[in-house]
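J.: Can you look at this prediction? I've put the sequence above it.
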Amino acid sequence: MVKIFYDKDVDFNAVKDKIIAVIGYGSQGRAQALNMKDSGLNVVVGLRPNGSSWEKAKKDGHEVMSIEEAAEKADIIHILIPDEVQPAVYKKQIEPYLTEGKTISFSHGYNIHYGFIKPPENVNITMVAPKSPGAMVRKTYEEGFGVPGLVAVERDYTGDALQIALGMAKGIGLTRVGVIQTTFKEETETDLFGEQVVLCGGVTELIKAAFETLVEAGYAPEMAYFETCHELKLIVDLIYQKGLQGMWENVSNTAEYGGLTRRERVINEESRKAMKEILKEIQDGRFAKEWSLEREAGFPHLNALRRLEKEHLIEKVGKDLRKMCGLEKE
Ligand SMILES: NC(=O)C1=CN([C@@H]2O[C@H](COP(=O)(O)OP(=O)(O)OC[C@H]3O[C@@H](n4cnc5c(N)ncnc54)[C@H](OP(=O)(O)O)[C@@H]3O)[C@@H](O)[C@H]2O)C=CC1
Ligand SMILES: CC[C@](O)(C(C)=O)C(=O)O
Ligand SMILES: [Mg+2]
Ligand SMILES: [Mg+2]
């Protein structure tokens, strides 16, 4: 049984007198720093002085300083820069200031789990991870609610590491919805699997394959776009709000029968085997090693794949149709 924490289970005692340095001001950094500050916590933001985030964070009213200064000043150093740059920034700009009893905190277990960051023995290692992109973390907080989240403790040096992680989770607004206690290993492996197989990898390839099938068969790309991409949101919203059952109840009986009888021809034993292989690569560290090598080489594969994705017909058609629907400007 998972343990879930709500607002009523958590207080700010472990964090209220501490300085929390949010390192990075991107998707998660901005949302989490603003939410914790608005919740009354002592937040400073650590950034590289020549980067574009500096002015943004200043404009949002934060006390902004270099990463080294923030790491030195803070009791809790919450690292919210991209996973692939964290090890180098940590080693040079954070580790020298990570003194006894401090807490190093993450929103993804990746670098700790795969050993790319190895903090000293005399600090806490914690995780507070919203289960949502940053924009939603901020938007729902401002609306008085929040998004669900995870907390984990990899090392409890001070004896109150869980209370520190939970205090931060409350400040971010996550305990308004519910925060599950997990481990760095479980969060890392399930997060990577989810984004590779369903959320980012699986769904985009499914959309593209279905779009290409219709276009190759002579159907208008605009029709193909609406059918294989645009309407997906409506279906996902139904599943999100009412579960699979609620979705089936809301589509036509024809769609229900066709979907239930055909889906295993698309996602079948072969796909399940591929999912198991992908999970194995995540579990045994092959994916992490590949991603590190890709970064060291200057992202050649990622850049080529980005270019191909950008040039796909679905992107050109989609842009025009999203403009038509008032979803995208310019
Ligand atoms: N994106 C999401 O919604 C989610 C992310 N996470 C996790 O949260 C963490 C942060 O991810 P995310 O918010 O996407 O990150 P972003 O890519 O949005 O981070 C951008 C920030 O990192 C700074 N930055 C980038 N490179 C460097 C560098 N070399 N040195 C110093 N600062 C740098 C940028 O500063 P500058 O302006 O100076 O370039 C900017 O402030 C990751 O661990 C991720 O896995 C977890 C859940 C969801
Ligand atoms: C789904 C992608 C994600 O895992 C996320 C927003 O949770 C990420 O790494 O960005
Ligand atoms: Mg995720
Ligand atoms: Mg992720």
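T.: All right, it came through fine. Ligands and ions are numbered 1, 2, ... in the order given.
J.: mind giving me the domain ranges of the chain?
T.: The chain breaks down by the TED database into domains covering 4-182, 199-267+299-325.
J.: Which strand or helix spans D237?
T.: helix 232-250 (DSSP states H and E).
J.: packing partners for that helix?
T.: For helix 232-250, the packing partners by 3 or more Cβ pairs under 8 Å, 6 or more residues apart in numbering; DSSP states H and E come out as helix 253-266. Just so you know, the C-beta spots here come from the backbone N, C-alpha and C atoms, and that holds for glycine as well.
J.: What residues does this protein have near ligand 2?
T.: P133, D191, E195, L199, C200 (Cβ under 6 Å from any ligand atom).
J.: Which residue is the nearest non-sequential neighbour of the first one?
T.: In other words, P133. For P133, ignoring the flanking residues on the chain, the nearest one in space by Cβ to Cβ, 6 or more residues apart in numbering is S27 at 6.0 Å.
J.: Hmm, M136 and the one you found touching each other?
T.: No - with contact defined as Cβ atoms under 8 Å, S27 does not reach M136; the gap is 9.9 Å.
J.: Please work out which residue of the stretch 101-250 of the chain is closest to ligand 4.
T.: D191 (4.4 Å; Cβ to the ion).
J.: Not counting its neighbours along the chain, what's nearest that residue?
T.: H108 (6.4 Å).
J.: Kindly report the same for M223.
T.: Closest residue to M223 in three dimensions, ignoring its sequence neighbours and counting by Cβ to Cβ, 6+ apart: L214, at 7.1 Å.
J.: gap between the two ends of stretch 34-48?
T.: With Cα to Cα, to the nearest Å as the measure, stretch 34-48 spans 19 Å from end to end.
J.: So is it next to ligand 1?
T.: Yes - Stretch 34-48 reaches ligand 1 (Cβ under 6 Å from any ligand atom) through L47, R48.
J.: one step back: the residue of the stretch 101-250 of the chain closest to ligand 4: neighbour count?
T.: D191 has 19 neighbours, counted by other Cβ atoms under 10 Å.
J.: Could you pull up the residues touching it?
T.: Applying Cβ atoms under 8 Å, 6 or more residues apart in numbering to D191 gives the contacts H108, G109, A129.
J.: and these as JSON lines, adding distance to Q93?
T.: Formatted as JSON lines, those follow (distance: Cβ to Cβ, whole Å):
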{"residue": "H108", "distance to Q93": "19"}
{"residue": "G109", "distance to Q93": "21"}
{"residue": "A129", "distance to Q93": "22"}
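J.: Only whichever of those are buried, select them in PyMOL.
T.: Command for PyMOL that selects the buried part of the contacts of D191, burial taken from 16 or more other Cβ atoms under 10 Å:
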select buried, resi 108+109+129
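J.: what's the burial count for G46?
T.: Around G46 there are 31 other residues, counting by other Cβ under 10 Å.
J.: Can you tell me the SS state at the closest residue to H78 other than its chain neighbours?
T.: What sits nearest to H78 in space, not counting adjacent residues and going by Cβ to Cβ, 6+ apart, is S105, at 4.3 Å. Of the three states, S105 takes strand under DSSP: H, G, I helix; E, B strand; the rest coil.
J.: which residues does S105 contact?
T.: S105 touches I76, I77, H78, I79, I125, T126, M127, V128, I164, A165, M168, counting by Cβ under 8 Å, 6+ apart.
J.: My guess is N124 contacts R155. True?
T.: Yes - if you go by Cβ under 8 Å, N124 and R155 touch, sitting 6.0 Å apart.
J.: ok, back up a step: and the residue nearest to H78, bridged to which residues?
T.: H78, T126 (DSSP bridges).
J.: Quickly note the distance from it to E154.
T.: S105 sits 10 Å away from E154, taking Cβ to Cβ, to the nearest Å as the criterion.
J.: just Y6 next, same as before
T.: Counting by Cβ to Cβ - Y6 and E154 are separated by 23 Å.
J.: These two: who's more crowded?
T.: E154 (18 against 13).
J.: need the contact list for G201.
T.: Contact partners of G201, counting by Cβ under 8 Å, 6+ apart, are E195.
J.: Phi, psi for it please.
T.: The phi/psi pair for G201 (degrees, to the nearest 10) reads phi -80, psi -60.
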